[in-house]
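Student: When you get a sec, could you give me coordinates for this:
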Amino acid sequence: MVDKALTKEDSAIKKTTESQTRDSDSETIDLYLLFHSISESLGVGLIIFDRNLEIRHSTALAGLLLELNTRIDQSLACAVDSKTDWKMLLERAMENGEISRFEAVRAVNKGKNRLLNLTCIPIRTPEGAVSCGMIILEDITEKIGRENELSHSERLVTMGKVAGKVAHELNNPMDGILRYLNLAMRILEHGDIDKAQEYLRQSRTGLMRMVHILSELLEFSRSSSQAMEPAPLDKIVQDALAASTSALSGIEVQILRKYEGQTIQMRNDSLFQVFCNLIKNACDAMQGQGKLTVTIERIDTDWQISFLDTGPGIPLESRSLIFQPFFTTKTGSKGVGLGLAICKDLLEKHKGTISVQCPDEGGSLFIVRLPASAGITINSK
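Tutor: So this is what the prediction gives:
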C-alpha cells in the first residue's frame, strides 16, 4: 500500500513538474515572440546576453548590423571601428546596473560601413538583481546621410546669400578704384605726379579692402571641406589659443574648467575656426593689452564655451547686428564683417548657438553653446 501511494505521489510530482516545464517553455516562446515583435515594430536590432557576456538570443536585424559570434564584447570588438574596451564597458554597465549609450559608432559588416547608436540595458529579476543584459542597435546611417545633405543644401543657400552680399561689397571699392585710376591717368598727362600718387594710394586702399573680403570668403568655403580629426572640446580650445600666440602677445590668458571628468569629443573642422575667430576679435578689441578669460563648462545637457575680454565692449545698438554679414564695429581696414557671420553659420551645423553680452564691469562676452547630442564620442553615460 505504501509503495503504491509513493508511486502515485511520484507520478503526481512528475506530472506537475512536466506541466511547469511546459508552462515555462511556453512563457519563453511568448517572450521570444514579443522580443521579435518589438524589434520589427521599432526597426532596431536586439541582442540578449548573460552575465558572462555570452549571446543568448538575437534578432535577424541585429545579425545584419553586426557580425555576431558567441560573445557580445567580441562581436562589437570585431565589427566596430574603434579601440574601445567593450568587455570592460559592458561588465561595468552590468555591475552598476545602469543604462549606457554609445552614439554614432562606426561598424562594418560584410563590407558595408554603418553608423549605429548602441544602448546597453541591464535586465533585472523581480528581486532586483541584474540577470542579463540587452543591446539595442539603431542604424542611423541614412539619417546622418540625410542630415548631411540637408546641411549641404543649407550651406549652399547661405553661400548664395553671402555671394550676393560679397558682389555688392566688392562693387563699391571697384567703382572707386576705376575712378581713381582714370583720374590718375588724366593727371599724369599734365605731369602732376604727386596728385597721381595720391589717386594710386586710394586705389591701393580699395584693392586691400577687396583682398580682405575675398580672404574671409575663402576661409568660409574652406571650412566645409576640412577633414580634421575629432578632438576633445578643451583640446580644440587650447589648439586655437596656441595658433593665436602672436595675436595674444601682451594679453593675459586664463582658462577656467567648470566640469567633472572629460569634455565631449567634437568634429574639429569648424569649431577650431570659430574659436580662432573669437580669440582674434578679442585681441583686436584689447589692442595688445588686457585679459582674455576662456571658460569651458557643462550646463544641463549643453556645453558652453565663453570668451570674455577686457576691451571697450560693443555698443548696445550694435549687439543685434554683429552676426550679420558685412557688419563690423572695427575701424579702417581691420575687418570686413564676415567673421562672426561665418562663426554663426558654422555653429549651426553643430546645432549650436553664439550670443554676445557686455558685462557691467566692461568688455565683451561671447558665448558658444553646444548640445551634448552634437558630440561624436563613444561615451558611457
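
Student: For this protein, which segments are assigned as strands?
Tutor: Using DSSP state E, the strands found in the chain span residues 45-50, 55-58, 100-109, 112-124, 130-139, 231-232, 251-258, 265-266, 290-299, 302-308, 353-357, 365-371.

Student: Let's have these in a markdown table, adding mean neighbour count and distance to N277.
Tutor: C-beta here means a position set from N, CA and C on the backbone, and glycine is covered the same way. Putting the strands of the chain into a markdown table (neighbours: other C-beta atoms under 10 Å; distance: least, C-beta to C-beta, whole Å) gives the following:
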| stretch | mean neighbour count | distance to N277 |
| --- | --- | --- |
| strand 45-50 | 21 | 42 |
| strand 55-58 | 17 | 48 |
| strand 100-109 | 18 | 27 |
| strand 112-124 | 17 | 30 |
| strand 130-139 | 19 | 36 |
| strand 231-232 | 17 | 18 |
| strand 251-258 | 13 | 16 |
| strand 265-266 | 20 | 16 |
| strand 290-299 | 17 | 13 |
| strand 302-308 | 20 | 10 |
| strand 353-357 | 16 | 10 |
| strand 365-371 | 19 | 10 |
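
Student: Rebuild these as a markdown table, extending it with distance to A196.
Tutor: What follows is these, written out as a markdown table (distance: least, C-beta to C-beta, whole Å):
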| stretch | distance to A196 |
| --- | --- |
| strand 45-50 | 77 |
| strand 55-58 | 83 |
| strand 100-109 | 62 |
| strand 112-124 | 63 |
| strand 130-139 | 70 |
| strand 231-232 | 54 |
| strand 251-258 | 42 |
| strand 265-266 | 54 |
| strand 290-299 | 43 |
| strand 302-308 | 46 |
| strand 353-357 | 45 |
| strand 365-371 | 45 |
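
Student: would JSON lines of the ones you listed with mean pLDDT and distance to G206 be doable?
Tutor: Listed next are the strands of the chain as JSON lines, based on pLDDT from 0 to 100; distance: least, C-beta to C-beta, whole Å:
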{"stretch": "strand 45-50", "mean pLDDT": "88", "distance to G206": "62"}
{"stretch": "strand 55-58", "mean pLDDT": "86", "distance to G206": "69"}
{"stretch": "strand 100-109", "mean pLDDT": "80", "distance to G206": "48"}
{"stretch": "strand 112-124", "mean pLDDT": "86", "distance to G206": "49"}
{"stretch": "strand 130-139", "mean pLDDT": "88", "distance to G206": "55"}
{"stretch": "strand 231-232", "mean pLDDT": "86", "distance to G206": "40"}
{"stretch": "strand 251-258", "mean pLDDT": "94", "distance to G206": "32"}
{"stretch": "strand 265-266", "mean pLDDT": "82", "distance to G206": "40"}
{"stretch": "strand 290-299", "mean pLDDT": "94", "distance to G206": "32"}
{"stretch": "strand 302-308", "mean pLDDT": "95", "distance to G206": "32"}
{"stretch": "strand 353-357", "mean pLDDT": "92", "distance to G206": "30"}
{"stretch": "strand 365-371", "mean pLDDT": "93", "distance to G206": "31"}
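
Student: Quick one: residues contacting the residue lying closest to I279 once chain neighbours are set aside.
Tutor: Computed as C-beta to C-beta, 6 or more residues apart in numbering, the closest residue to I279 that is not its neighbour in sequence is S244, at 4.5 Å. Applying C-beta atoms under 8 Å, 6 or more residues apart in numbering to S244 gives the contacts 276, 279-280, 283.

Student: So which of those residues wins on neighbours?
Tutor: Most neighbours among the contacts of S244, by other C-beta atoms under 10 Å: I279, with 24 neighbours.

Student: separation between the residue nearest to I279 and V211?
Tutor: 21 Å (C-beta to C-beta, to the nearest Å).

Student: same thing with C276?
Tutor: C276 is 19 Å from V211, by C-beta to C-beta.

Student: Name the helix or strand of this protein that has the lowest mean pLDDT.
Tutor: helix 2-42 (a mean of 53; mean pLDDT, DSSP states H and E).

Student: where does the stretch 101-250 of the chain dip in pLDDT?
Tutor: Scanning the stretch 101-250 of the chain for pLDDT under 70 picks out 147-148, 151-159, 161-165, 168-169, 216-229.

Student: same thing but 50
Tutor: Filtered on pLDDT under 50, the stretch 101-250 of the chain yields the residue ranges 223-227.
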